[in-house]
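J.: Following is a predicted model, sequence given first.
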There are 2 protein chains.
Amino acid sequence: MTAAPGFGNTLVRLSVLIQRRYAQICADHDLTVAQAQLLCAVKDEPRGMSELAQLLGLAKPGLSGLVDRTVRRGLVERVACPNDRRACSVAGTPMGKEIGRAMYRDVAIRLPDIFDGLPESDRRVLEELVSAAIGSPVSGPCLEDGPPAD
Amino acid sequence: MTAAPGFGNTLVRLSVLIQRRYAQICADHDLTVAQAQLLCAVKDEPRGMSELAQLLGLAKPGLSGLVDRTVRRGLVERVACPNDRRACSVAGTPMGKEIGRAMYRDVAIRLPDIFDGLPESDRRVLEELVSAAIGSPVSGPCLEDGPPAD
DNA sequence: TATTGTTATACTCTATAACTATA
DNA sequence: TATAGTTATAGAGTATAACAATA
């Protein structure tokens, strides 16, 4: 009995719990999940399209559309890249950055409630283990670098 | 310093990791995530539409569409409810049940890899804490009961 | 009248293929 | 030629409103 047989499915249920709470926080800020993640990714500094596609796990056309819709809402803007006239970066507008930071704060405050049922000492152990297992964000955003893009 | 300030965002990144791996397993079984969850929910016994909507966190029209698409693929079918002629249940077809069970097994095997970086003893502690915090599945499916529906 | 589930409509998200402009 | 990003197209998912049949 090396691992609990249903642990994989417990993890799926955990991720669903997290995603539902996260989606609720996004909705409270009048954002879709994808828009919120984009906003969190550019809340401190602009990022190139390729980097964002990688970060958000989207193919390039998907990111283009997401940026379009988010631009339309006045939350981000495209800025030309001086070195390479094909490329562009995505920057948060003042409003977008503010909302992105508010999201980030709200997530930090409200999401851990999921583990309210655990005694404080267990929660601290859990935090340490999860943080150790998946590491810290490379440069600020809510997301993890990943393979899916393109 | 009660809780790590970024723990909420670490949880979001964890859930993204889990969801991406889960989506990959679904794709390996030629399923979308929503179809896989529907299949897991009916892999052992039929379930009513209301129960499924609650379980999957969908509003009724969303579930109707999901069931339509999954019926079209020959994985589930609608069965009339004898007591109430308005109502119906969703049952897996033999193929659908088989795929649902295979998914469930595959998730149990492949998902915990996420924590491969942790020493074995830490992994066991983590499993216990997560399982204690979110409990076991009520009746078998991969999902958790939740509020969003309708 | 209230409830179950579907249909209609609209928008977001995601994928693939084809395209434009630049390198 | 290769690369960055967009446009075109299609399908899945999700929400609200209106509807049908039954309770």
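T.: On my side now, so go ahead. Residues are numbered from 1 along each chain as shown, chains lettered A, B, ... in the order given.

J.: Report whether the expected contact of A:Leu129 with B:Leu118 is present.
T.: Yes - in terms of CB atoms under 8 Å, A:Leu129 counts as a neighbour of B:Leu118; the distance is 6.6 Å. Heads up, the C-betas are built off the backbone N, CA and C, glycines and all.

J.: residues shared between the contacts of the two?
T.: Common neighbours of A:Leu129 and B:Leu118 (criterion: CB atoms under 8 Å, 6 or more residues apart in numbering or on different chains): B:Leu126.

J.: What count of nearby residues applies to the residue nearest to A:Arg101 when sequence neighbours are not counted?
T.: Excluding the flanking residues, the one nearest A:Arg101 by CB to CB, 6 or more residues apart in numbering or on different chains is A:Lys43, at 5.3 Å. Using other CB atoms under 10 Å in any protein chain shown, A:Lys43 has 20 other residues around it.

J.: Checking A:Lys43 next. Helix, strand or coil?
T.: coil (DSSP: H, G, I helix; E, B strand; the rest coil).

J.: do the host helix or strand of A:Thr10 and chain B meet at all?
T.: Using DSSP states H and E, the element containing A:Thr10 is helix A:7-28. Yes - Helix A:7-28 is in contact with chain B by CB under 8 Å from any CB of the partner chain, via A:7-20, A:22.

J.: relative to helix B:7-28, how tilted is that helix?
T.: 120 degrees (axes from the mean of the first three to the mean of the last three CA atoms, to 10 degrees).

J.: tell me what helix A:7-28 is packed against?
T.: helix A:33-41, helix A:94-110, helix B:7-28, helix B:94-110, helix B:120-134 (3 or more CB pairs under 8 Å, 6 or more residues apart in numbering or on different chains; DSSP states H and E).

J.: among those helices, which is the most enclosed?
T.: helix A:33-41 (a mean of 24; mean count of other CB atoms under 10 Å in any protein chain shown).

J.: Output the contacting helices and strands for it.
T.: helix A:7-28, helix A:49-56, helix A:60-72, helix A:94-110.

J.: want to throw those helices into TSV with mean pLDDT and distance to DNA strand D?
T.: Below are these laid out as TSV (pLDDT from 0 to 100; distance: least, CB to the nearest atom of the strand, whole Å):
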stretch	mean pLDDT	distance to DNA strand D
helix A:7-28	94	8
helix A:49-56	96	3
helix A:60-72	97	3
helix A:94-110	95	16
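
J.: So for DNA strand C, which of those sits nearest?
T.: helix A:60-72 (3.1 Å; CB to the nearest atom of the strand).

J.: still on that earlier bit, now render the helices and strands packed on helix A:7-28 as TSV, adding distance to A:Val125.
T.: Shown next, in TSV, are the helices and strands packed on helix A:7-28 (distance: least, CB to CB, whole Å):
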stretch	distance to A:Val125
helix A:33-41	27
helix A:94-110	19
helix B:7-28	12
helix B:94-110	24
helix B:120-134	7
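
J.: Could you export those helices as TSV, including distance to DNA strand C?
T.: Output for the helices and strands packed on helix A:7-28, formatted as TSV (distance: least, CB to the nearest atom of the strand, whole Å):
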stretch	distance to DNA strand C
helix A:33-41	3
helix A:94-110	13
helix B:7-28	8
helix B:94-110	16
helix B:120-134	24
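
J.: Looking at those, which is nearest to B:Arg69?
T.: With CB to CB, the closest approach to B:Arg69 among these belongs to helix B:94-110: 12.5 Å.

J.: Kindly calculate the angle that the closest one makes with helix B:7-28.
T.: Using the same axes, to 10 degrees: helix B:94-110 against helix B:7-28 is 140 degrees.

J.: Just checking stretch A:51-64 against chain B, any contact.
T.: Yes - contact of stretch A:51-64 with chain B (CB under 8 Å from any CB) involves A:Gly57.

J.: quick one: that stretch near DNA strand C?
T.: Yes - Stretch A:51-64 is in contact with DNA strand C by CB under 7 Å from any atom of the strand, via A:56, A:58-62.

J.: just the buried members of those residues?
T.: A:56, A:58 (16 or more other CB atoms under 10 Å in any protein chain shown).
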